[in-house]
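Novice: I would like to see how this sequence folds:
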Amino acid sequence: MCRSCRQLSATEKGSKASEAPTSSSFSLASFAPELPTLYYGLGAALCRTLPYSGIRLMLYEQLRGLLDLVPHAAGAAAPPFLALVGAAIVSGAVAQCIASPVDLLKIRMQSDGRRVRNGEAPVYGGLGDAARRIVREEGVGKLWTGAMPNVLRACCINVGDQA
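Specialist: Numbers count the residues shown, from 1 in each chain. Have a look, this model is predicted:
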């Protein structure tokens, strides 16, 4: 629980049950010291999201362009729906395989954010430190921990998003 929440909780315990907290007790200024911990791990999230989204969108459009070169059924103006689904699955899977190491780093950094909010010292000094330590202490293969469920999820999401 953040310091401001503890202070608010202690204040409310002394008040009557029928009294509602005032709007001034929930001011942004009371949470200002906690704001930096809210964004702990944001850099890792952006490092994962930007390449993942760019790769999946670019690859899907490239595959769709290749499908346009293939002759379609008589009278069809666009590739068959199942071909578009296949392109979405492939682009989602490839993008997630490439982004999977950064996804693990994002999760580790966000876990560190929780530790910081609880007043504990973070395990990692940043994104680069996390990557170096995971590779050195756990091995390169550890960067792809959880990749298969994430790839399957990415395929499903991409089919709904793109196809």
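Novice: grab the most central residue of the protein for me.
Specialist: residue 45 (5.1 Å; CA atoms, centre = their mean).
Novice: would you mind measuring from that residue to residue 130?
Specialist: 13 Å (CB to CB, to the nearest Å). Bear in mind the C-beta positions are built from the backbone N, C-alpha and C, glycine included.
Novice: returning to that earlier point: and the residue nearest to the centre of the chain, what element?
Specialist: Here residue 45 sits within helix 42-69, counting by DSSP states H and E.
Novice: all helices for this protein, in order.
Specialist: 3-14, 28-31, 35-38, 42-69, 81-117, 127-138, 147-162 (DSSP state H).
Novice: which one of those helices has the lowest average pLDDT?
Specialist: Among the helices of the chain, helix 3-14 carries the lowest mean pLDDT, at a mean of 48.
Novice: the helix holding residue 45: which residues count as buried?
Specialist: 44-45, 47-48, 52, 55-56, 59-60, 63-64, 67 (16 or more other CB atoms under 10 Å).
Novice: reformat the residues you listed as JSON lines; add distance to residue 86.
Specialist: Shown next, in JSON lines, are these (distance: CB to CB, whole Å):
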{"residue": "44", "distance to residue 86": "31"}
{"residue": "45", "distance to residue 86": "29"}
{"residue": "47", "distance to residue 86": "29"}
{"residue": "48", "distance to residue 86": "25"}
{"residue": "52", "distance to residue 86": "20"}
{"residue": "55", "distance to residue 86": "17"}
{"residue": "56", "distance to residue 86": "14"}
{"residue": "59", "distance to residue 86": "12"}
{"residue": "60", "distance to residue 86": "11"}
{"residue": "63", "distance to residue 86": "8"}
{"residue": "64", "distance to residue 86": "11"}
{"residue": "67", "distance to residue 86": "9"}
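Novice: so the residue nearest to the centre of the chain touches residue 107, yeah?
Specialist: No: using CB atoms under 8 Å, residue 45 makes no contact with residue 107, being 9.7 Å away.
Novice: hmm, back to that, need the helices of the chain in a markdown table with distance to residue 75, can you?
Specialist: Below are the helices of the chain laid out as a markdown table (distance: least, CB to CB, whole Å):
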| stretch | distance to residue 75 |
| --- | --- |
| helix 3-14 | 64 |
| helix 28-31 | 60 |
| helix 35-38 | 55 |
| helix 42-69 | 15 |
| helix 81-117 | 15 |
| helix 127-138 | 52 |
| helix 147-162 | 24 |
